[in-house]
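Undergrad: Coordinates for the following, if possible.
(chains A and B)
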Number of protein chains: 2
Amino acid sequence: MFKRLALIGFGLIGGSIARAARAQGLVGEIVTTARSEKTRARVKELGIVDRVVETNAEAAEGADLVILCIPVGACGPVAQEISKHLAPGAIVSDVGSVKGAVAREMGPHIPDGVHFVPAHPVAGTEHSGPDSGFAELFINRWCILTPPEGTDPSATERLRAFWAGMGAKVEVMTPDHHDLVLAITSHLPHLIAYTIVGTADELAQVTSSEVIKFSAGGFRDFTRIAASDPTMWRDVFLNNKDAVLEMLGTFNEDLSKLTRAIRRNDGEALFEHFTRTRAIRRGIVEIGQDSAAPDFGRQHETLKKPG
Amino acid sequence: MFKRLALIGFGLIGGSIARAARAQGLVGEIVTTARSEKTRARVKELGIVDRVVETNAEAAEGADLVILCIPVGACGPVAQEISKHLAPGAIVSDVGSVKGAVAREMGPHIPDGVHFVPAHPVAGTEHSGPDSGFAELFINRWCILTPPEGTDPSATERLRAFWAGMGAKVEVMTPDHHDLVLAITSHLPHLIAYTIVGTADELAQVTSSEVIKFSAGGFRDFTRIAASDPTMWRDVFLNNKDAVLEMLGTFNEDLSKLTRAIRRNDGEALFEHFTRTRAIRRGIVEIGQDSAAPDFGRQHETLKKPG
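TA: Alright, predicted model coming up:
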């Protein structure tokens, strides 16, 4: 599908693309680089890619698909760095969780004759680093493409086929709409999870060890999200500020409404709200975006029969 | 361990106790009742318990362990109902997520010569009803006992052994401390999850179908919690109002702090916060309260090799 794929960055997403593209035979050669010497050394050891190079420019050179798999805040500078090294007709893409800022910051550095098709695979785990990726990460997950106006439709089509080849479903939308949708389905949930885990850690009345021990009451689900990569998430919030603040405003109003219902012992309002939210879960399970198994399918040990 | 266990209510928790106590041979006979005719009929069909009876009074009669497995708000009235039918020397317990209110409302109805040892197994899934229980639910989960002052220590000890027999770790604390601990590890996470899922459902700019499709970005974790039983959770908030409102106050301050950091582009403050919260996740995984597998160990499909 592509002769040479250049992956700039080899964390959870970059490493998963390398594994999936290789497993599915979507690319001829994979060239990779990473910012740290340590990561580059580890990628060499893993033996998944064909070549590990020292610089972003070297990686981009001669590739017909270049994907930046790095935090959103680094995309602009890296685009500038590789700009002069991009092959005519190449597609440049990324995997950032914010698309408006990426388009604004990368766009000006993409030379004429090179296609720019930003992308965001809505998939991940709480782990990061070169060992955390796996070939199945994108299966049945959506990948959103946000080609700027005027992008050659055939370039968008080729990138769509690449993601579909790794098992993803592909949707195209504007960067601004992407940023609104993700603000509610991803960014705000992360902000809230990060907040409550921090709150729990600083309480005077309840010790950290109690919080950890009794976390199965719900809290532990939040800690998984709040264990996500700090650099990536710092950049998400700095680069999708407006949409996140807007969603946060609505969330705060809704939280005040439920708080008032508790304060006033309004059981009916609480019951009505809690019934409504069940339906959304059903929708997610029905379209295969989560497991119907209780507790996410977490494994339970078995207890030996006595005697 | 006990000759006759009476379970009043047969939802996720009651049904799991029945299955676990039976599997481990902890009780001679299990007698059950449930409020609805439909549930009683289903429990009969399931064939896990020895007898299904029509009334709470009948269930309690002659049992040496009576456990109320019903929403917190129903505990007081049911205690009153069974009061005259309790056998001398019996232990009466419950499984409610709030302990102060349960003690206040059940306590006065427990006759002299009957032991009252409230309990709260910190375990569950988002499913409810007579079919949702399973024998392994309590394994390696904590069960908190909150015996009132003056309780016969041997009664507490017997109930501890019963829960330990089902695989739980048992801890004793005061009802007030329990309610504070659970407010942060369970009640506030549920309130926040219920809120954000409601917020997502009512947005004008993003459709419900988009919210559902792109939920793998974090949101779907919240929907599991927000799919919990509405009656149970209404009662939790009405009965642990003070502790929940207190924790909510702290949470709101912390959320304002992070919001301010976003508004002011203070990347350093965000990064510092996001790094700190990772440690708590590690603590939870280390003591076996959650899986180290990425994404809670959710299953990923595999993609067929091409050709």
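
Undergrad: Give the helix, strand or coil label for A:Arg104.
TA: helix (DSSP: H, G, I helix; E, B strand; the rest coil).

Undergrad: Next: A:Val66.
TA: Three-state assignment for A:Val66 (three-state DSSP): strand.

Undergrad: what number of residues lie near the residue nearest to A:Gly73 when sequence neighbours are not counted?
TA: Once flanking residues are discounted, A:Gly73 sits nearest to A:Asp235: 3.8 Å by Cβ to Cβ, 6 or more residues apart in numbering or on different chains. (Glycine included, C-beta is placed from N, CA and C.) Neighbour count of A:Asp235, defined by other Cβ atoms under 10 Å in any protein chain shown: 24.

Undergrad: same check, this time on A:Arg234
TA: A:Arg234 has 25 nearby residues by other Cβ under 10 Å.

Undergrad: From the contact counts, what lies against the host helix or strand of it?
TA: Assessed by DSSP states H and E, A:Arg234 sits inside helix A:230-239. Judged by 3 or more Cβ pairs under 8 Å, 6 or more residues apart in numbering or on different chains; DSSP states H and E, helix A:230-239 is in contact with helix A:72-82, helix A:100-106, helix A:188-201, helix B:267-286.

Undergrad: quick one, which of the ones you listed is nearest to B:Asp50?
TA: Smallest distance to B:Asp50 across those (Cβ to Cβ): 38.5 Å, for helix B:267-286.

Undergrad: which residues are contacting the lengthiest helix in chain A?
TA: The helix spanning the most residues in chain A, taking DSSP state H as the definition, is helix A:241-263. For helix A:241-263, the surrounding residues in contact (Cβ atoms under 8 Å, 6 or more residues apart in numbering or on different chains) are A:179-180, A:182-184, A:187-188, A:191-192, A:237, A:266, A:269-270, A:273, B:191-192, B:194-196, B:198-199, B:202-203, B:237-238, B:241, B:244-245, B:248, B:252, B:255, B:259, B:262-263, B:265.

Undergrad: again, but for stretch A:70-81
TA: A:8-9, A:11, A:14, A:35, A:56-57, A:68, A:92, A:94, A:96-98, A:101-102, A:105-106, A:109-110, A:229, A:231-232, A:234-236, A:238-239, B:267.

Undergrad: tell me the mean pLDDT over it?
TA: In this model, stretch A:70-81 has a mean pLDDT of 98.

Undergrad: Check stretch A:270-284 too.
TA: 93.

Undergrad: same deal with stretch A:207-215?
TA: 93.

Undergrad: buried sites along that stretch?
TA: Residues of stretch A:207-215 classed as buried by neighbour count (16 or more other Cβ atoms under 10 Å in any protein chain shown): A:Glu210, A:Val211, A:Ile212, A:Lys213, A:Phe214, A:Ser215.

Undergrad: and that stretch, anywhere near chain B?
TA: Yes - using Cβ under 8 Å from any Cβ of the partner chain, stretch A:207-215 comes into contact with chain B via A:Ser208, A:Glu210, A:Val211, A:Ile212, A:Lys213, A:Phe214, A:Ser215.

Undergrad: who's in contact with that stretch?
TA: Under Cβ under 8 Å, 6+ apart, the answer for stretch A:207-215 is A:200-201, A:203, A:219, A:223, B:122, B:142, B:144, B:171, B:181-182, B:184-186, B:280, B:283-284, B:287, B:289-290.

Undergrad: again, but for stretch A:158-175
TA: Residues outside stretch A:158-175 that contact it (Cβ under 8 Å, 6+ apart) are A:1-2, A:17, A:20-21, A:24, A:26, A:65, A:91, A:93, A:99-100, A:102-103, A:117-119, A:121, A:123, A:135-136, A:138-148, A:156, A:181, B:213, B:301, B:303, B:306.

Undergrad: filter those to the buried ones?
TA: Applying 16+ other Cβ under 10 Å to the contacts of stretch A:158-175 flags A:1-2, A:17, A:20-21, A:24, A:26, A:65, A:91, A:93, A:99-100, A:102-103, A:117-119, A:121, A:123, A:135-136, A:138-148, A:156, A:181, B:213, B:303 as buried.

Undergrad: Any regions of chain A where pLDDT drops low?
TA: A:305-307 (pLDDT under 70).

Undergrad: What residue spans form the domains of it?
TA: Residue ranges for each domain of chain A read A:2-174, A:177-289, as given by automatic domain parsing.

Undergrad: Pipe the ones you listed into CSV and attach distance to B:Gly167 per row.
TA: Compiled in CSV, the domains of chain A are given as follows (distance: least, Cβ to Cβ, whole Å):
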stretch, distance to B:Gly167
domain A:2-174, 27
domain A:177-289, 13
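
Undergrad: of those, which approaches B:Thr39 most closely?
TA: domain A:177-289 (18.5 Å).

Undergrad: mind checking the end-to-end distance for that closest one?
TA: Chord length of domain A:177-289, first to last residue, is 21 Å (Cα to Cα, to the nearest Å).

Undergrad: Excluding covalently adjacent residues, which one is nearest to A:Glu136?
TA: That would be B:His300: by Cβ to Cβ, 6+ apart, it lies 3.9 Å from A:Glu136.

Undergrad: coming back round to it: list buried residues within the contacts of helix A:241-263.
TA: Neighbour-count burial (16+ other Cβ under 10 Å) applied to the contacts of helix A:241-263 gives A:179-180, A:182-184, A:187-188, A:191-192, A:237, A:266, A:269-270, A:273, B:191-192, B:194-196, B:198-199, B:203, B:237-238, B:241, B:244, B:248, B:252, B:255, B:259, B:262.

Undergrad: quick one: the strands in the stretch 1-150 of chain A?
TA: Counting by DSSP state E, counting those that start in this stretch, the stretch 1-150 of chain A has strands at residues A:2-8, A:27-33, A:51-52, A:65-68, A:91-94, A:115-116, A:119-121, A:142-145.

Undergrad: mind listing what the nearest residue to A:Ser83 once chain neighbours are set aside touches?
TA: Counting by Cβ to Cβ, 6+ apart, A:His109 is the residue found nearest to A:Ser83 once chain neighbours are left out, at 4.4 Å. A:His109 makes contact with A:Gly76, A:Ala79, A:Gln80, A:Ile82, A:Ser83, according to Cβ under 8 Å, 6+ apart.

Undergrad: And for A:Thr302?
TA: Per Cβ under 8 Å, 6+ apart, neighbours of A:Thr302: B:Glu136, B:Ile139.

Undergrad: how near is it to B:Ile287?
TA: 20 Å (Cβ to Cβ, to the nearest Å).

Undergrad: Output the helices and strands packed on helix A:230-239 in a markdown table; the columns should cover distance to A:Gly47.
TA: Converted to a markdown table, the helices and strands packed on helix A:230-239 look like this (distance: least, Cβ to Cβ, whole Å):
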| stretch | distance to A:Gly47 |
| --- | --- |
| helix A:72-82 | 25 |
| helix A:100-106 | 30 |
| helix A:188-201 | 33 |
| helix B:267-286 | 29 |
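
Undergrad: do you know which of these lies nearest B:Gly47?
TA: Between these, helix B:267-286 lies closest to B:Gly47; by Cβ to Cβ that is 37.1 Å.

Undergrad: quick one: buried residues of that closest one?
TA: Buried residues in helix B:267-286 (16+ other Cβ under 10 Å): B:267, B:269-271, B:273-274, B:276-278, B:280-281, B:283-285.

Undergrad: Which elements pack onto it?
TA: helix A:188-201, helix A:208-213, helix A:219-225, helix A:230-239, helix B:241-263.

Undergrad: Residues contacting it, please?
TA: By Cβ under 8 Å, 6+ apart, helix B:267-286 touches A:73, A:126, A:194, A:197-198, A:200-201, A:208, A:211-212, A:215, A:220, A:223-224, A:226-228, A:230-231, A:233-235, A:237-238, B:258, B:261-262, B:290-292.

Undergrad: at 6 Å what do you get?
TA: Residues from elsewhere that reach helix B:267-286 (Cβ atoms under 6 Å, 6 or more residues apart in numbering or on different chains): A:194, A:197-198, A:201, A:212, A:215, A:220, A:223, A:226-227, A:230, A:233-234, A:237-238, B:261, B:290, B:292.

Undergrad: again, but for stretch A:177-186
TA: Contacts of stretch A:177-186 (Cβ under 6 Å, 6+ apart): A:98-100, A:144, A:146, A:240, A:243-244, A:247, B:200, B:205-206, B:210-211, B:214-215, B:217-219.
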